[in-house]
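K.L.:
A structural model of the following input is requested.
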Amino acid sequence: MLDIKFIRAHPDAVRENVRKKFQEAKLPLVDEVLSLDERYRAAKRRCEELQADRNRLSKQIGALMAQGRHGEAEETKQRVSGAAAELAALDKESDVLFAELREKLLLLPNIIGPEVPIGRDDSENAERERFGEPAVPPFEVPYHVDLMERFNGVDLDSARKTSGSGFYYLTGDIARLHSAILSYARDFMIDRGFTYCVPPFMIRGAVVSGVMSFAEMENMMYKIEGEDLYLIGTSEHSMIGKFIDTLMEGDELPQALTSYSPCFRREVGAHGIEERGVYRIHQFEKQEMVVVCRPEDSPVWFDRLWRHTVDFFRSLDIPVRTLECCSGDLADLKVRSIDVEAWSPRQRKYFEVGSCSNLGDAQARRLGIRFRGPEGSAHPHTLNNTVAAPPRMLIAFLENNLRAGGGVGIPPPLRAYMGGRETLAAGR
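P.N.:
Numbering: from 1, shown residues only. Predicted structure coming up:
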């Protein structure tokens, strides 16, 4: 949510930002916001004037009564009553105007960073760097479901019976590998100075609307029927919500947290074969990074966060690249976002395994998160990034560590979590 003071001072910049995101239908919102803001401030000014008049007249009543001027005192009481009625009406009007203003402010996109390329959709995202050499082995790499079935590691048919499409059972070595990757991801981030958290897996509607746009909410979130609760789509939601309506001391920042959670997503729409299986699903688990910091520090933290994910994947012998998301591909709350994509030897292309985002002060402003600075209180910036999200990242792991004989190599950092094993053999 943009600062209304910024919109008042820079309406043309806000309009240009809307155009850069190819959301021309939202251009009228700028004038609507400015009009509502002026009406709201006028109502508040009139309320203050009436309050001052009422206080002044109330003092006069006592003086008139003391002087025996009862008739004038009664007339003054009537004026006070009239002012009180007008004040009550204006208070109600200002509440309505404020609610309308906030609703429209929530629809305006955040100001994108200067590094963001201008483009309509993800086809115009810009590759930044590659890490590791993408290779195609001299043998066939099976479709990921077939590969997992070689290890008796996945059962989609049973999951369809119990839960429907988009769910899965992982078993045996594949299930253990799934848990090992999450445990390694947790310790990887702890070793880099992050505090480990396990958050609530459900959050209230006020938190949902504070951490994401309405469009994201509709496409992602599952609501608990009859309750003001939603299943989280990622632990970032409840981790940022942890700070709702708080005023932190400046020396409490930065907050660098790494959190584990299951994630639940509607994943609306149809997808190609490579995105079936366990690639695009309704339930998965993830290790996340979340940072709350001073505004001036967020660019440095942004670069640290995506590099942590790159380092994590490279430690598991998975080549990756980074993509700078273009303006049209950025969610409305984001200032900047870099996707980390892993190499798929089967598809001979990269696919997304994580996304690093700087949201500026948008979430903090929506959720009432502040910190004390040298010039008074201010909104901090919030950032998030994926460390690992199996089972999707299992696809990249299995394909890149597949051996000619059908086994899968276990890189050294993961062996302690797999009972010291160096290889997984098919059929176990």
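K.L.:
residues in contact with whichever strand or helix holds Glu127: which ones?
P.N.:
Per DSSP states H and E, Glu127 falls inside strand 126-131. Identification of contacts with strand 126-131 by C-beta atoms under 8 Å, 6 or more residues apart in numbering yields 117, 310, 313-314, 319-324, 326, 338. Yep, even glycine has a C-beta here, placed from its N, CA and C like the rest.
K.L.:
cool, stretch 139-151 as well?
P.N.:
154, 156, 170, 172-174, 273-274, 276-279, 345-346, 394-395, 398-399, 402, 404, 406, 408, 424, 426-428.
K.L.:
buried by neighbour count: which residues of stretch 299-316 qualify?
P.N.:
299, 301-302, 304-310, 312-313, 316 (16 or more other C-beta atoms under 10 Å).
K.L.:
same thing with stretch 203-211?
P.N.:
For stretch 203-211, by 16+ other C-beta under 10 Å, it's 203-204, 207-208, 210-211.
K.L.:
biggest separation within the residues you listed, which pair?
P.N.:
Spatial extent of the buried residues of stretch 203-211 (C-beta to C-beta) is set by the pair Arg204 and Val211 at 11.2 Å.
K.L.:
what's the distance between the spatially closest residue to Arg102 that is not a sequence neighbour and Glu140?
P.N.:
Leaving aside its chain neighbours, Arg102 sits nearest to Met1 (7.8 Å; criterion: C-beta to C-beta, 6 or more residues apart in numbering). In this structure, Met1 and Glu140 are 51 Å apart, going by C-beta to C-beta, to the nearest Å.
K.L.:
looking at those two, which is more packed in?
P.N.:
Neighbours were tallied for Met1 and for Glu140 using other C-beta atoms under 10 Å; the higher tally belongs to Met1 (20 against 8).
K.L.:
of the buried residues of stretch 299-316, closest to Asp122?
P.N.:
Trp306 (16.9 Å).
K.L.:
pretty sure that closest one sits against Ser337.
P.N.:
No - here Trp306 lies out of contact with Ser337, judged by C-beta atoms under 8 Å, at a distance of 9.4 Å.
K.L.:
centre of the chain to the top helix by length along the chain, how far?
P.N.:
What stands out as the longest helix in the chain, according to DSSP state H, is helix 27-66. In terms of C-alpha atoms, centre = their mean, to the nearest Å, the centre of helix 27-66 is found 38 Å from the chain centre.
K.L.:
name the residues contacting each of Arg204 and Val211.
P.N.:
Counting by C-beta under 8 Å, 6+ apart, nothing touches both Arg204 and Val211.
K.L.:
just the helices in the stretch 301-428 of the chain please.
P.N.:
362-367, 392-400, 412-415 (DSSP state H, counting those that start in this stretch).
K.L.:
residue furthest from the geometric center of the chain?
P.N.:
Gly68 (67.0 Å; C-alpha atoms, centre = their mean).
K.L.:
pLDDT weak spots in the protein?
P.N.:
Residues of the chain that meet the criterion pLDDT under 70 lie in 55, 57-62, 64, 66, 73-74, 76-77, 80, 82, 268-276, 427-428.
K.L.:
one step back: and the buried residues of stretch 203-211 as JSON lines, adding distance to Ala185 and secondary structure?
P.N.:
Shown next, in JSON lines, are those (distance: C-beta to C-beta, whole Å; DSSP: H, G, I helix; E, B strand; the rest coil):
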{"residue": "Ile203", "distance to Ala185": "22", "secondary structure": "strand"}
{"residue": "Arg204", "distance to Ala185": "28", "secondary structure": "coil"}
{"residue": "Val207", "distance to Ala185": "24", "secondary structure": "helix"}
{"residue": "Val208", "distance to Ala185": "25", "secondary structure": "helix"}
{"residue": "Gly210", "distance to Ala185": "26", "secondary structure": "helix"}
{"residue": "Val211", "distance to Ala185": "22", "secondary structure": "helix"}
